[in-house]
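> Could you work out the structure for the sequence below:
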Amino acid sequence: MDVRQPRGPTPRAPRDPAGPVDPVELREAVGQVVPEGFHHDVVQVSVVVEHPVERVWSWLDDPATFVDGQVWPFAVEFHHPPGTHAFRPGVRNDHHGPLLHLPAVVGQVRPPAHRELIYLFGAFVLSPRLLRPARLLFDLHTSPDGRRTRITVTTEAAVRTPVLWAWRAGNRWFWRRFGRWCDAALTGRGRRMPFTSRR
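Just a heads-up that it's a prediction; the model follows:
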């Protein structure tokens, strides 16, 4: 796994002097805004996989799931002190490539059920004048017998009305495949994600 560590001073997670990272304060301080002429849009997609929630969370919580195999010029980077967990509140990351710039910070995390990614002001898909992602949420729910997991993916974004239908359709198409990627990884058939090479 190649978790890129850009050069620079050792990063510190933003903290309130009285306690840990506050996701609400993070969103208000550095998160996306909805400019005039944009629509605040929420898309939610759920998929079910035949694996227990602990295994699904382990896959989702592994940076390699999102980093390994990225095809140039696309890349995913995490910036956190060596030896610390990549998916803890306050850790910065970026998914970037042509027409794609998604700097973000990890928000609320409740293993093995919930993770929030807060996209920073300036994040965009295609153009800042069209699509500005705001948040990406993963929520995991186990079946009564503990053998299956429902993954609910929620995306929030500021979207120009003329491209709203395309954004919604693209998100639904994209995230409905997430269950197959998870199942393939957990059954040993690979962990390929979008913008990644075939294995």
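> Could I get the contacting residues of the closest residue to residue 138 other than its chain neighbours?
Leaving aside its chain neighbours, residue 138 sits nearest to residue 115 (4.8 Å; criterion: C-beta to C-beta, 6 or more residues apart in numbering). Glycine gets a C-beta too; all of them are placed from N, C-alpha and C. By C-beta atoms under 8 Å, 6 or more residues apart in numbering, residue 115 lies in contact with 60, 61, 87, 106, 108, 109, 137, 138.
> does the fourth one really touch residue 84, like I thought?
No: between residue 106 and residue 84 no contact is recorded; they are 11.5 Å apart, counting by C-beta atoms under 8 Å.
> Overlap of the contact sets of the two?
Residues touching both residue 106 and residue 84 by C-beta under 8 Å, 6+ apart: residue 91.
> between these two, which one's more packed in?
When residue 106 and residue 84 are compared for neighbours, residue 106 comes out ahead with 24 against 11, by other C-beta atoms under 10 Å.
> Mind listing what's buried along the helix or strand harbouring that one?
Under the criterion of DSSP states H and E, residue 106 resides in strand 100-110. For strand 100-110, burial by neighbour count (16 or more other C-beta atoms under 10 Å) applies to 100, 101, 102, 103, 104, 105, 106, 107, 108, 109.
> Can you name the residues in contact with that strand?
Identification of contacts with strand 100-110 by C-beta under 8 Å, 6+ apart yields 14, 21, 23, 26-27, 30, 74, 87-96, 114-120, 122-125, 133, 135-136.
> residue boundaries of the strands in the chain?
Using DSSP state E, the strands of the chain run over residues 38-49, 75-79, 92-97, 100-110, 114-119, 124-125, 131-142, 149-160.
> who's in contact with the nearest residue to residue 186 once chain neighbours are set aside?
Computed as C-beta to C-beta, 6+ apart, the closest residue to residue 186 that is not its neighbour in sequence is residue 51, at 5.1 Å. Residue 51 makes contact with 147, 148, 149, 182, 183, 186, according to C-beta under 8 Å, 6+ apart.
> And residue 179, by the same measure?
Here residue 179 is in contact with 47, 48, 49, 151 (C-beta under 8 Å, 6+ apart).
> Okay, residue 72 and residue 172: tell me how far apart.
Going from residue 72 to residue 172 by C-beta to C-beta, to the nearest Å gives 28 Å.
> Looking at those two, which has the bigger crowd around it?
Per other C-beta under 10 Å, whichever of residue 72 and residue 172 has more neighbours is residue 172, with 14 against 7.
> So for the more buried one, what pLDDT did the model give?
We have a pLDDT of 97 for residue 172.
> I figured it was touching residue 41, is that so?
No: Residue 172 is not in contact with residue 41 according to C-beta under 8 Å; the separation is 12.0 Å.
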